[in-house]
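One predicted model, sequence on top.
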Amino acid sequence: MTARLLDGKAIASEIREELAKDVAAFTQCSGVTPCLAAILVGDDPASDVYVRNKRRACEKTGVDSQLHRLPVETKEDELLALIGALNTAASVHGILVQLPLPKQIDETRVLDAVHALKDVDSFHPENVGLVSQGRPRFLPCTPHGCMQILHRSGIEASGKHAVVVGRSEIVGKPLASMLVQRNSHLGPTAANATVTVCHSRTANLAEITRQADILVAAIGQAKFITADMVKPGATVIDVGINRTEEGLVGDVDFDAVKKIAGTITPVPGGVGPLTIAMLLANTLTAAKLQNA
């Protein structure tokens, strides 16, 4: 058996086409063009690629974009001052602070400084709380991308056992919270899962992952999920992006696991493109909220 490939690029393209129509309709009705401001501190090559891809996606969907580049030695107060200015700029609807930040900057303080109505990454405590209560203002981009892949590929979460390997604030925790809800913006079949969250201190990890109907790998270790950790026929969503000597690889040993799983996302070309598409969807939502 060879797993069916879940093509994130194709799904993201489909969503961008839908978004382009929604953005055009909103702009025509309101006279407002949604605008995303990205802040990049330092010269991390991976971050530079991510920001460039986001700007290209903005162009394809009719969303305006700004890029604010700051040197690696930027002080925390300088970054906070820029965020404060963007918070009050009526022409800016979404603010993205590209992570990671240099060591001299407190990441939590910076992310908390982004106004909750412009927090299109959904990192602000207010937005995190709304997601956990099942009434989100914005959905966190990567978890939302995972849900879109499942939904648009005809894979129901309802009644399934979903195991999320990784407990980060960006992917693991919010995705678990979204999957366990009674309902979702995609309908009840995209939620209502029984969810187990695993992490670095989970005992008998492979025993738990083998129970998963839907297995999400978001632990940040190259090829961590091996074939013996996967239930035959399971859906495997690989969120990891790891740079190795052989190029980009995920958290899943793809070549081995695809022989066991029923469906699987590749790296690259899986969840990554969906993350960017969901960021643009949040930017449109932000523009609508700020111009209601």
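On my side now, so go ahead.

helix or strand for residue 39, which one?
strand 35-41 (DSSP states H and E).

hang on, residue 61 packs against residue 16?
Yes. Between residue 61 and residue 16 there is a contact under Cβ atoms under 8 Å: 5.4 Å. The C-beta positions use only the backbone N, C-alpha and C, and glycine is treated the same way.

which residues are in contact with both of those two?
residue 280 (Cβ atoms under 8 Å, 6 or more residues apart in numbering).

Neighbour count for the two, which is higher?
Legend: neighbour count by other Cβ atoms under 10 Å for residue 61 and residue 16, higher for residue 61 (23 against 19).

next one: phi and psi at the more buried one?
In terms of degrees, to the nearest 10, the main-chain angles of residue 61 are phi -110, psi 0.

Shouldn't residue 144 be within a helix?
Yes. The assignment for residue 144 by DSSP: H, G, I helix; E, B strand; the rest coil puts it in a helix.

Start the count at 20 instead of 1 going forward.
In the new count, where the first residue is 20, that last one comes out as residue 163.

Once you drop chain neighbours, what's closest to it?
Spatial nearest neighbour of residue 163, excluding adjacent residues (Cβ to Cβ, 6 or more residues apart in numbering): residue 297 at 4.3 Å.

chain center to the host helix or strand of the one you found, what's the gap?
Assigned by DSSP H and E, residue 297 belongs to helix 290-309. Here the centre of helix 290-309 is set off from its chain's centre by 10 Å, with Cα atoms, centre = their mean, to the nearest Å.

Can you list the buried residues in that helix?
Neighbour counts over helix 290-309 (16 or more other Cβ atoms under 10 Å) mark 290-306, 309 as buried.

go on, stretch 98-112?
98, 101-102, 105, 111-112.

If you average the pLDDT over it, what comes out?
Mean pLDDT, taken over the full extent of stretch 98-112, equals 98.

now stretch 193-207
In this model, stretch 193-207 carries a mean pLDDT of 97.

what's the span of that stretch from first residue to last?
In stretch 193-207, first residue to last residue: 17 Å (Cα to Cα, to the nearest Å).

Residue 263: what's it in contact with?
Counting by Cβ under 8 Å, 6+ apart, residue 263 has contacts residue 241.

correction: residue 88
Contacts of residue 88 by Cβ under 8 Å, 6+ apart are residue 59.

Assumed it was part of a strand.
Yes. Under three-state DSSP, residue 88 falls within a strand.
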